[in-house]
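Novice: how would this look folded up:
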Amino acid sequence: MKFIDLHVHSNKSDGSFSPRELVSYALEKGLSAFALTDHDTIDGIAEVMEASEDTDVETIPGIELSTVNEGRDVHILGLFIDTGNQDFLSYLEHFQNSRRLRNEKMCRKLSEGLSTDLTFEKLQSAFPDAVITRSHYARYLKDTGVVKSAAEAFERYIGDHCPYFIPREKVTPEQGIDLIKKAGGIAVLAHPILYRMSSRKLDALTGRLKESGLDGIEAIYTTYSPSEESQIKDLAKKYDLLISGGSDFHGVNKVNTDLATGRGNLFVPYDYLTVMKDYLKERKTER
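Specialist: Numbers count the residues shown, from 1 in each chain. Modelled structure (predicted):
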């Protein structure tokens, strides 16, 4: 049976594989299709689409938008986005500029507080062409001997409530969904179990986002237990949402998570992608 992976990261955000390397690895794994969904950037899309031409793996242009709901990170995946949409590109440019200012402030704060020589320029040099996230900070602090592990960096210094954390510009899930829809894409609530909400709160969030145009939900994911997968599939049915699934592959930057198979048991049937394509065709027809 054909299988897919609709949640994959490259080194254009916080993964370790280049977009071209991802195509080669997807072919090695026997994937029929995968979506490149880097954090808040589409810089790898052109490369991944070019690399997959005349191969047996289909690549889908995507993104993972960082949004905030009631003080918690909530991620919205965009699948089949039009990467030439000007509104979309303008938003990304604005968001990346605000992210840079935030990163410069965090670097100064860390450098002064921990007596390190950390600068934003050094982070960029260590991780060229990547959208800098807190994972990059953690790796840099570990590599320079400030901490013994990335987990320690988050726990002591850069986690949400730690002394050196500076929040980024707040974007709501509704705004993320609107942006993806304007770019012609399918908006998917990513890994909802990871938000550690009560069932009641998650149900309420899903219903609210459905009213704002949410198209799908990530019901198959690397870390889900069978009961958690069943819970999210029930939500998909209740709110008439498309089912998506993926590994959230980051290469060596997320241990024990492999492309296509997650921790070994992940399986996302190609049928879900077929349903998405039919959904997009129907949406275009309605216009």
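
Novice: who's in contact with the nearest residue to V268 once chain neighbours are set aside?
Specialist: Spatial nearest neighbour of V268, chain neighbours left out: G245 (3.7 Å); criterion: CB to CB, 6 or more residues apart in numbering. To be clear about C-beta, it is placed using only N, CA and C from the backbone, and glycine gets the same treatment. By CB atoms under 8 Å, 6 or more residues apart in numbering, the contact list for G245 reads 4-7, 218-221, 266, 268, 272.

Novice: what helices and strands are in contact with the longest strand belonging to the chain?
Specialist: As assigned by DSSP state E, the longest strand anywhere in the chain is strand 58-69. Counting contacts by 3 or more CB pairs under 8 Å, 6 or more residues apart in numbering; DSSP states H and E, strand 58-69 packs against strand 3-8, strand 33-36, helix 45-52, strand 72-79, helix 173-182.

Novice: after the longest one, which helix or strand is next?
Specialist: In the C-terminal direction, the helix or strand that comes right after helix 173-182 (DSSP states H and E) is strand 186-189.

Novice: what comes up buried for the next helix or strand after that next one?
Specialist: Per DSSP H and E, the first helix or strand lying C-terminal to strand 186-189 is helix 199-211. Buried residues in helix 199-211, counting neighbours by 16 or more other CB atoms under 10 Å, are found at 202-203, 205-206, 209-210.

Novice: including pLDDT and distance to K170, could those residues go into CSV?
Specialist: CSV is the format used below for the buried residues of helix 199-211 (pLDDT from 0 to 100; distance: CB to CB, whole Å):
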residue, pLDDT, distance to K170
L202, 98, 20
D203, 98, 23
L205, 98, 16
T206, 98, 20
L209, 98, 16
K210, 98, 22
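
Novice: show me the shaky parts of this protein.
Specialist: Applying pLDDT under 70 to the chain flags the ranges 287.

Novice: sorry, back to before: for Q96, which of the helices and strands packed on strand 58-69 is the nearest?
Specialist: The closest of those to Q96 is helix 173-182. By CB to CB, the value is 13.7 Å.

Novice: mind listing what's buried along the closest one?
Specialist: Buried, per 16+ other CB under 10 Å, within helix 173-182: 173-174, 176-182.

Novice: got it, and stretch 223-231?
Specialist: Across stretch 223-231, burial judged by 16+ other CB under 10 Å covers 224, 229, 231.

Novice: which among those gets closest to E70?
Specialist: For the buried residues of stretch 223-231, the residue nearest E70 by CB to CB is Q231; the value is 20.2 Å.

Novice: surely the closest one is within a strand?
Specialist: No - per DSSP: H, G, I helix; E, B strand; the rest coil, Q231 lies outside any strand segment and is helix.

Novice: quick one: contacts for P269?
Specialist: Taking CB under 8 Å, 6+ apart, we find P269 in contact with 1-4.

Novice: how is H94 assigned, secondary-structure-wise?
Specialist: helix.

Novice: bridged to the residue most central in space within the chain, which residues?
Specialist: Closest to where the C-alpha atoms of the chain average out (CA atoms, centre = their mean) is E64, at 3.5 Å. Counting by DSSP bridges, E64 forms beta bridges with H39, L77.

Novice: that one is in contact with D40, isn't it?
Specialist: Yes - E64 is within contact range of D40, at 7.3 Å (criterion: CB atoms under 8 Å).

Novice: how about the nearest residue to G15, chain neighbours excluded?
Specialist: Per CB to CB, 6+ apart, closest to G15 is H9, 3.6 Å.

Novice: quick check: phi and psi at that neighbour.
Specialist: The phi and psi values for H9, taken as degrees, to the nearest 10, are phi -120, psi 150.

Novice: can you check G216 too?
Specialist: Dihedral angles for G216 - degrees, to the nearest 10 - are phi -150, psi 180.

Novice: what about it, neighbour count?
Specialist: Number of residues near G216 (other CB atoms under 10 Å) recorded here: 24.

Novice: could you list the domains of the chain?
Specialist: Split into domains by automatic domain parsing, the chain comes to 3-84+173-286, 92-158.

Novice: what's near enough to touch E228?
Specialist: I193.

Novice: and I42, by the same measure?
Specialist: 61, 63, 81, 83, 92 are the contacts of I42 under CB under 8 Å, 6+ apart.
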